[in-house]
Each structure stands twice: as C-alpha cells, then as structure tokens.
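S.K.: The following comprises the amino acid sequence and a computationally predicted model.
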Amino acid sequence: METIAAERKASKLATKELTYFLYGGEEMVLRKREIENAVISDPTYDITKYHYLTREELFEQAVKKSVHSITKLMPELDILGVFERHSLTSVIGGENPLSLHTDMFMPTITGQGSDEQQEKWLPLATNYKIIGCYAQTEMGHGTYVRGLETTATYDPVKQEFDIHSPTLTSIKWWPGTLGVNATHAIVPARLITKGEDKGIHNFIVQLRSLDNHTAMKGITIGDIGPKFGYAEMDNGFLKFEHVRIPRDNLLMRFSQVLPDGTYVRPKTSSKLSYGTMVLIRAGLSKFSFEMLSRALTIAIRYSIVRRQTQNRPGEAETQLLDYVNQQHTLITLLATVFGIYFVSQDTIQLYVKTQSQLNEENMELLPELHASSSGVKAISTNLASQGIETCRIACGGHGYSLSSGFPFLYQSTTPSMTYEGDNNVLLLQTARYLIKIRKEVQEDPSYSPPDNVNYLTEAVRPRNINFRSPQHQLALYQCMVRACVDRAATKVSQGEKIGLDYFDAWNAAAVELIQCAEAHTHYVMVKSFIENIDKEEVRNMSPYNQFILKCLSDIFSLNYILNKSGLFIEAGAIYGRELNEIREVIQSQILEVRPAAVSLVDAFDYPDFVLRSVLGRKDGDVYTAMWEWVQHNPRNKHKNGVHPVYKKYTRKLLRAKM
Ligand SMILES: CC(C)(COP(=O)(O)OP(=O)(O)OC[C@H]1O[C@@H](n2cnc3c(N)ncnc32)[C@H](O)[C@@H]1OP(=O)(O)O)[C@@H](O)C(=O)NCCC(=O)NCCSC(=O)/C=C/CC(=O)O
Ligand SMILES: Cc1cc2nc3c(=O)[nH]c(=O)nc-3n(C[C@H](O)[C@H](O)[C@H](O)COP(=O)(O)OP(=O)(O)OC[C@H]3O[C@@H](n4cnc5c(N)ncnc54)[C@H](O)[C@@H]3O)c2cc1C
C-alpha cells in the first residue's frame with residue numbers, strides 16, 4: 001500500500017487537470033462522481049457476490065438494476081443528458097439488458113422515422129411504455145444486410161405489411177434485449193410491394209403484449225442461450241409467421257409506401273437506413289477507450305504493488321513495473337489508450353457534423369464518415385480487446401481470477417470486434433473508400449483528397465530524419481500508407497487485367513485491402529493524437545502534463561512503426577539500420593513516462609466499485625482484498641469445510657482397493 005502511495009506522491013503529473021481534460025471539464029467530473037456515489041451507496045447495486053452469481057442470477061440482477069436506475073435513480077438525480085446517462089450506465093457496470101432500447105431502437109426512430117412517427121413512438125419509448133430492440137441479424141445473415149430474408153409484403157387492401165420469416169435461416173438471431181424484455185423491435189426486412197422487392201427497409205413490429213408480455217400472434221421469441229460472455233444480456237431469436245402491421249409502421253423519413261402500394265424512393269441515399277449502425281460504430285471507439293483504460297488502471301496499479309524476485313541481496317523484491325518488459329508492455333498500451341481516446345473524440349465530432357449536414361440533405365460527408373467510423377471501430381475494438389488480454393497476462397495468476405476484473409472486461413469487449421459489423425468487413429469498407437479516392441486522384445489532377453487521405457498527394461520521406469518530430473513521424477506514415485493503398489489497388493487492377501470479374505479481383509486482393517485500411521486507420525489515429533495535443537486546450541496544460549502526452553504520442557506513433565517496420569521499409573519510409581534508433585527513442589520515452597504511470601491511470605478516475613477488481617484497488621491493498629473476496633466463495637461454505645463431492649465420489653476413490 002505504501003508503495004503506491006509513495007509513487008503517487010512522487011509523481012509530477014497534474015492528475016486532476018488530466019481528469020478534467022478527459023471528461024470535458026470539472027463540472028462534468030463532479031456530476032459523474034455525484035452519479036457514481038448515488039449508485040455506490042444504493043444497496044440495489046451491491047456487487048459483493050457479483051462474481052459468484054449464476055447466469056440466471058446475473059441476468060435477473062441486471063434487469064433489476066436497470067429498472068431501478070430508470071424508475072428511481074434517474075428521476076432522483078434528474079438525469080437527462082447523454083453524458084449523465086452514460087455515467088450512470090458505466091458505474092452500474094455489467095451489460096445493461098435494456099440498453100438496445102436507448103442505444104438502437106430509439107435512435108433508429110429518431111434518425112429514420114417521419115415527424116409523425118417520431119411524435120407517436122418517441123414519447124412511448126422515452127417513458128418506457130414500450131421497450132425496443134434492433135432485430136436486424138438473422139441466423140443466416142449478419143454481415144450481408146442486403147441478403148436478409150425476412151419479408152414485409154404490402155397488402156393495399158388492408159393497408160398493412162405482412163412480416164414473415166420464410167426460412168429457418170431468416171429467423172432473427174442475436175439481437176440484444178430481444179430474448180426476454182423487448183415489447184417492440186425495429187425489424188429490417190425486404191419491402192415487397194406490387195410484386196417488386198425494394199430491398200431492406202426498417203419496420204416497427206410489436207413482439208409482446210403490453211398487458212401480460214406474452215408473444216403476439218404469429219411471433220415465436222426467446223433467448224439464444226449461453227454465450228462466451230454477456231450473461232446479463234438476453235440476446236434472442238425471433239420468428240414471424242405472417243405477422244400483420246399497419247402501413248405506417250414502415251419508418252418513412254427517407255422512403256415511403258403510399259396507401260395504394262406505390263413505393264417512393266429515398267431522395268438521397270438508400271444507405272441512410274444503415275444510419276444507426278454508423279452511430280454505434282462511432283461510439284464504439286469511446287467504449288474501447290473506457291474498457292482498455294479500466295484494464296490498464298488495474299494492471300498498472302497491481303504492477304506497482306506486486307513485487308517478485310529479490311534481485312540484489314538485502315534489497316526488497318523488484319516491483320513488476322520496474323521490469324523493463326513489463327514497462328514496455330503496459331506503457332505502450334497506455335500510449336495506445338490515449339490514441340484511442342483522441343480518435344474517438346474526432347470520430348464523434350465527424351458524426352455530429354455529418355448528421356447536421358444530413359438534416360439539410362447534404363450527403364457530402366457521409367462516405368468519409370462511413371469509411372472512417374468503420375476503420376476506427378475495427379481498429380479501436382481490436383486494440384482494446386487485445387490490450388485487455390495483454391493486461392491480464394501481465395498480472396500473472398491473479399489476473400486469471402474473476403476477482404481481477406479482467407475476465408469481465410475481456411468478455412464484455414471482445415464481441416465488439418464482431419457486432420455492429422465484423423471488423424474485417426468494416427476494414428474492407430474503408431479500403432473501398434480509399435481505392436475510390438485514389439482513383440479520383442489519378443483521374444483528376446485538380447482533385448484534392450480529404451485531409452486524412454492527404455498521403456495520396458503528399459508522401460515524401462524527410463531528409464535528416466528526426467524520429468522525435470511529429471511532422472517527420474507523420475511523413476513516414478504517409479509514405480507507408482500510400483504504398484499500402486497502391487499495393488492493394490494494383491493487386492485489384494492486376495486481377496481485372498487477367499480477366500477476373502470485379503468480385504474475384506477484389507477478393508483476391510482482400511488481404512492487401514484490409515492491410516491498407518488498417519494502415520490508414522493507424523495513420524488517422526497517430527495524426528489525431530499529434531493534432532489534438534497541439535491544440536490550445538493541451539497547450540494550456542501544465543508543462544509536465546504536455547511533456548508526458550508528447551512522450552505517449554511518440555510511443556504510440558513509433559511503436560507501430562517498429563511493429564510494422566516491414567511495411568515502412570518496403571515503402572522506403574525508413575531503413576533497417578534506423579530501427580535501433582527508433583527502439584531507443586521508444587525506450588527513452590517509456591522511461592520518462594514510468595514515474596507518472598500511477599497518476600495517468602488515476603486520471604481515468606474509476607472508483608474501485610467500477611473496476612470490480614481486487615488487483616486494481618486505488619489503495620493498493622490487494623492481498624487483504626483477495627482474502628476478503630474468497631470468503632464469499634460458496635464452495636468453501638460446506639459443513640466442516642467438506643464439499644459434498646467427497647461423500648459422493650472422492651471418498652470411494654480414496655478407499656478403493658486398486
Ligand atoms: C458491409 C455493408 C456495409 C455492405 O453494405 P451494402 O449495402 O452491401 O453496400 P456495398 O458494400 O455494396 O457498398 C455500396 C455503397 O454503400 C456505401 N455504404 C455502405 N454502408 C454504408 C453506410 N453505413 N453509410 C454510408 N454509406 C454506406 C458504400 O461505401 C458503397 O459506397 P460506394 O460509393 O463505394 O458505392 C453492410 O452489409 C453492413 O453494414 N454490414 C454489417 C452489418 C452490421 O453492422 N450489423 C450490425 C447489427 S446491429 C448489432 O450488431 C448490435 C449490437 C449490439 C450492441 O451494439 O450492443
Ligand atoms: C454480443 C453480440 C450482440 C449482438 N447484438 C445484435 C443486435 O442487437 N442486433 C443485431 O441485429 N445483431 C446483433 N449481433 C449480430 C452481429 O451484428 C453480427 O454477428 C455481425 O454483424 C457479424 O455477422 P455474422 O455473425 O453473420 O458473421 P459473418 O458475416 O458470417 O462473418 C463471419 C466471418 O466471415 C467474414 N466475412 C463475412 N462476410 C465477408 C465479406 N463480405 N468479405 C470478407 N469477409 C467476410 C468476416 O470477416 C467474419 O470473420 C450481435 C452479435 C453479438 C456477438
């Protein structure tokens with residue numbers, strides 16, 4: 001305990017200043033803490049036995065907490081804003097089984113419902129008179145949205161849609177909040193009118209009775225069973241047998257079906273019906289930051305408290321975080337988590353800007369938003385999931401205990417690599433955009449690419465390279481990414497030249513395409529980090545805080561160059577003989593950050609209650625906490641300390657004559 005206190009005392013980081021920066025100011029932090037304290041002091045949210053609960057107990061407790069927070073805490077705390085709602089959800093922790101209602105059901109109505117439809121449905125949803133979910137994925141299709149099989153056939157006589165699951169594979173499968181709690185769903189289905197298939201459109205369908213919650217006529221519904229994690233979420237299945245809904249349950253902001261069945265196409269883009277997925281993708285980079293920063297808070301604090309091996313006679317055993325390998329592992333991840341933070345801020349800003357333009361029917365930024373949100377979602381969820389597992393491994397055996405907090409963080413983060421669009425598929429979407437921009441640059445000399453794709457016209461290796469220079473780092477990335485995009489585009493065109501059709505040529509280049517999208521997204525993240533720490537808000541910070549952020553930026557930028565040095569060398573950006581210098585810069589910056597490590601994770605401002613970790617306690621009293629935690633283990637609670645399996649099985653073995 002004294003070690004971590006001593007490290008805090010010795011750290012020169014202005015922790016509070018960094019916390020206020022990360023959360024958007026003192027007022028936000030104080031409000032966050034007010035909400036946290038209200039939850040922590042409410043016995044409904046007690047987590048003492050959390051890790052010992054069964055799957056059904058976890059689910060029931062999660063629903064209880066979710067309903068309690070909606071009915072009691074939100075009114076009491078006058079919670080209205082997104083930040084406050086997020087603070088409440090974060091401190092309650094676990095999966096919020098009703099989250100798809102606010103995260104996807106309501107935003108879809110807001111984004112794709114007509115004014116009349118919003119007036120009808122949003123008050124019901126806001127006041128929880130209905131509970132919604134987003135039922136897009138089917139047993140046979142998740143990625144291929146255009147291939148969804150559920151049909152919505154228009155009947156002009158009754159002015160209704162007939163919603164039907166024509167095949168086994170068309171059964172909706174995976175949607176959260178669906179299995180037990182939802183009364184309604186957004187159902188993407190094939191709109192068929194006048195015998196013509198108009199493609200996927202979004203419909204509102206009632207699933208369960210508002211009187212007794214039984215399934216509506218023609219609906220078969222339930223929970224899909226145990227998963228890798230997500231025990232508190234009722235991911236469900238949903239089968240339609242010619243379910244009838246009124247015509248105006250088709251969300252009609254962009255396209256309509258008239259009473260006689262005439263289809264009115266969207267004036268702008270059919271892809272606006274994908275808008276909710278883009279919204280969630282934009283937010284998943286912030287989610288990735290939160291989950292990885294929690295894991296790092298646990299791992300860094302434990303690595304300061306934990307000592308292992310006496311390396312000099314008469315001296316104390318060495319702190320884990322004083323082993324250079326441990327420093328390299330965790331401090332490069334600290335750099336990564338700040339990289340994710342900055343790019344998540346930029347992505348959300350791009351989403352808001354695009355959304356306001358879309359409201360004026362200006363589609364200009366939509367392609368860039370789709371490409372950027374796809375790439376950033378893919379890379380940030382990859383980095384967070386892998387980073388959490390790395391943090392666990394860095395904490396040895398105790399990291400593998402549920403009491404460490406890592407297993408929950410990992411099982412709660414890793415599905416984000418799949419949901420809201422599989423990461424490979426999304427990176428291919430980013431690649432599609434890059435190849436298209438490159439084509440425009442080649443065909444139109446007057447065309448200037450978007451700022452984040454500027455390497456297509458600006459990539460030059462600087463003379464007398466200085467690896468500590470942000471501008472030089474960016475120039476190296478520009479050379480590398482340009483080469484990756486050229487390589488992928490060349491492979492596609494080579495395929496076409498030998499007579500492959502578009503799909504085969506594209507598919508043959510899939511690995512290079514994903515690689516160029518990944519490289520581009522890392523460039524975007526490095527650029528975001530460098531540009532954000534050069535902004536006035538950071539420049540007004542204490543000099544030491546600025547210095548540490550610059551060290552982290554260098555580490556984030558250079559560590560990727562080191563790990564992907566083959567791409568940079570192949571692009572002529574760096575030479576093999578320069579790798580040692582890069583290693584030395586990284587190592588020196590890690591050593592600069594080491595004394596500030598405990599304060600950097602303190603700045604994330606997670607109460608122990610949120611971390612749910614005996615290893616990550618702020619006071620560092622790990623072993624006491626571990627001993628207290630095991631007292632709750634039901635397996636140790638049997639009479640005389642003898643588990644029933646002894647009498648049932650083990651005793652026979654011990655007494656058998658073999
Ligand atoms: C993979 C996708 C995007 C393919 O969509 P598709 O319609 O087949 O389009 P194309 O690949 O042919 O591209 C045509 C054109 O459209 C542009 N585009 C595609 N998507 C968007 C978009 N969202 N916004 C704007 N523009 C878009 C694309 O760039 C092309 O433009 P060109 O100019 O190049 O022609 C699609 O099938 C897809 O998104 N698949 C993933 C499905 C998914 O994300 N499912 C999530 C379900 S909800 C969920 O998982 C919930 C989880 C719970 C939780 O979050 O807690
Ligand atoms: C925890 C969790 C919660 C979820 N919640 C919801 C929800 O609330 N609502 C909802 O509608 N859905 C939900 N989903 C479903 C999720 O959106 C889908 O699983 C996801 O879109 C991936 O689709 P898929 O499972 O069909 O995978 P597939 O599309 O079968 O992909 C499998 C693999 O094939 C590769 N692949 C597939 N297509 C291509 C291609 N075109 N090019 C290259 N490679 C390809 C992918 O890279 C991937 O690795 C959830 C899923 C999970 C795990």
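M.R.: Thanks, I have it. Ligands and ions are numbered 1, 2, ... in the order given.

S.K.: ok, and the closest non-adjacent residue to residue 114?
M.R.: residue 252 (4.7 Å; C-beta to C-beta, 6 or more residues apart in numbering). Using the backbone N, CA and C atoms, a C-beta is placed for each residue, glycine as well.

S.K.: show me the contacts for the one you found.
M.R.: Listed by C-beta atoms under 8 Å, 6 or more residues apart in numbering, the contact partners of residue 252 are 113, 114, 117.

S.K.: Dump whichever strand or helix holds the last one to CSV, restricted to CA.
M.R.: Secondary structure from DSSP states H and E places residue 117 in helix 115-126. Output for helix 115-126, consisting of C-alpha atoms alone and laid out as CSV, is shown next (Å, rounded to 0.1, in the frame of the first residue of the first chain):
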residue,chain,number,x,y,z
ASP,A,115,-42.1,13.6,-37.9
GLU,A,116,-45.4,11.9,-37.3
GLN,A,117,-43.8,8.6,-36.5
GLN,A,118,-41.4,10.3,-34.1
GLU,A,119,-44.3,12.1,-32.4
LYS,A,120,-46.1,8.8,-32.0
TRP,A,121,-43.3,6.4,-30.9
LEU,A,122,-40.7,8.5,-29.1
PRO,A,123,-42.9,9.6,-26.1
LEU,A,124,-43.8,5.9,-25.6
ALA,A,125,-40.2,4.9,-25.7
THR,A,126,-38.9,7.7,-23.6
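
S.K.: hmm, who's touching that helix?
M.R.: For helix 115-126, the surrounding residues in contact (C-beta under 8 Å, 6+ apart) are 101, 105-106, 109-110, 113, 129-130, 132, 204, 248, 251-253.

S.K.: any idea which of the residues you listed has the most stuff around it?
M.R.: Greatest neighbour count in those, by other C-beta atoms under 10 Å, goes to residue 132: 30 neighbours.

S.K.: and it, how far is that from ligand 2?
M.R.: Distance, residue 132 to ligand 2, using C-beta to the nearest ligand atom, to the nearest Å: 11 Å.

S.K.: what residues are up against that residue?
M.R.: Contact analysis of residue 132 by C-beta under 8 Å, 6+ apart lists 100-101, 104-106, 125, 177, 182-186, 204.

S.K.: same thing with residue 194?
M.R.: Contacts of residue 194 were listed using C-beta under 8 Å, 6+ apart, and they are 154, 261, 262, 263.

S.K.: Switch the residues you listed over to a markdown table; also include pLDDT and neighbour count.
M.R.: Output for the contacts of residue 194, formatted as a markdown table (pLDDT from 0 to 100; neighbours: other C-beta atoms under 10 Å):
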| residue | pLDDT | neighbour count |
| --- | --- | --- |
| 154 | 98 | 25 |
| 261 | 98 | 17 |
| 262 | 98 | 12 |
| 263 | 97 | 16 |
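
S.K.: Which two among these are spaced furthest apart?
M.R.: Within these, 154 and 262 form the most distant pair, 9.8 Å apart (C-beta to C-beta).

S.K.: And the pLDDT for the residue nearest to residue 114?
M.R.: Residue 252 carries a pLDDT score of 96 in this model.

S.K.: Look up phi and psi at it.
M.R.: For residue 252, the backbone dihedrals (degrees, to the nearest 10) come out as phi -120, psi 30.

S.K.: Residue 599 and residue 10, how far apart?
M.R.: Distance, residue 599 to residue 10, by C-beta to C-beta, to the nearest Å: 10 Å.

S.K.: So stretch 145-162, near ligand 1 or not?
M.R.: Yes. Applying C-beta under 6 Å from any ligand atom, one finds stretch 145-162 touching ligand 1 at 145, 146.

S.K.: What mean pLDDT does stretch 63-77 get?
M.R.: Across stretch 63-77, the average pLDDT comes to 95.

S.K.: who's in contact with the residue of the stretch 101-250 of the chain found nearest ligand 2?
M.R.: Nearest residue of the stretch 101-250 of the chain to ligand 2, counting by C-beta to the nearest ligand atom: residue 142, 2.2 Å away. Residues near residue 142 by C-beta under 8 Å, 6+ apart: 174, 422.

S.K.: just the one 4 residues further on next, same as before
M.R.: By C-beta under 8 Å, 6+ apart, the residues touching residue 146 are 199, 200.

S.K.: tell me which element residue 177 falls in.
M.R.: For residue 177, there is no enclosing helix or strand under DSSP H and E.

S.K.: Give the full set of residues in contact with it.
M.R.: By C-beta under 8 Å, 6+ apart, the contact set of residue 177 is 97, 98, 99, 100, 101, 105, 131, 132, 133, 233, 234, 236.

S.K.: rerun that using 7 Å as the cut-off
M.R.: Counting by C-beta atoms under 7 Å, 6 or more residues apart in numbering, residue 177 makes contact with 97, 98, 99, 100, 101, 131, 133, 234.

S.K.: Out of those residues, flag the one nearest to residue 579.
M.R.: Scanning those for proximity to residue 579, where the rule is C-beta to C-beta, the winner is residue 99, at 45.2 Å.

S.K.: The closest one and ligand 2: what is the separation?
M.R.: Between residue 99 and ligand 2 the computed distance is 9 Å (C-beta to the nearest ligand atom).

S.K.: I'd like to know how far that residue sits from residue 385.
M.R.: To residue 385, residue 99 is 19 Å away according to C-beta to C-beta.

S.K.: Tell me which of these two has more neighbours.
M.R.: More crowded of residue 99 and residue 385, by other C-beta under 10 Å: residue 385, with 23 against 17.

S.K.: Show the pLDDT at that one.
M.R.: pLDDT for residue 385: 98.

S.K.: Look up the closest residue to it, ignoring the ones flanking it.
M.R.: In space, residue 385 is closest to residue 414, 4.5 Å off (C-beta to C-beta, 6+ apart).

S.K.: likewise residue 539?
M.R.: Nearest non-adjacent residue to residue 539, counting by C-beta to C-beta, 6+ apart: residue 546, 7.0 Å away.
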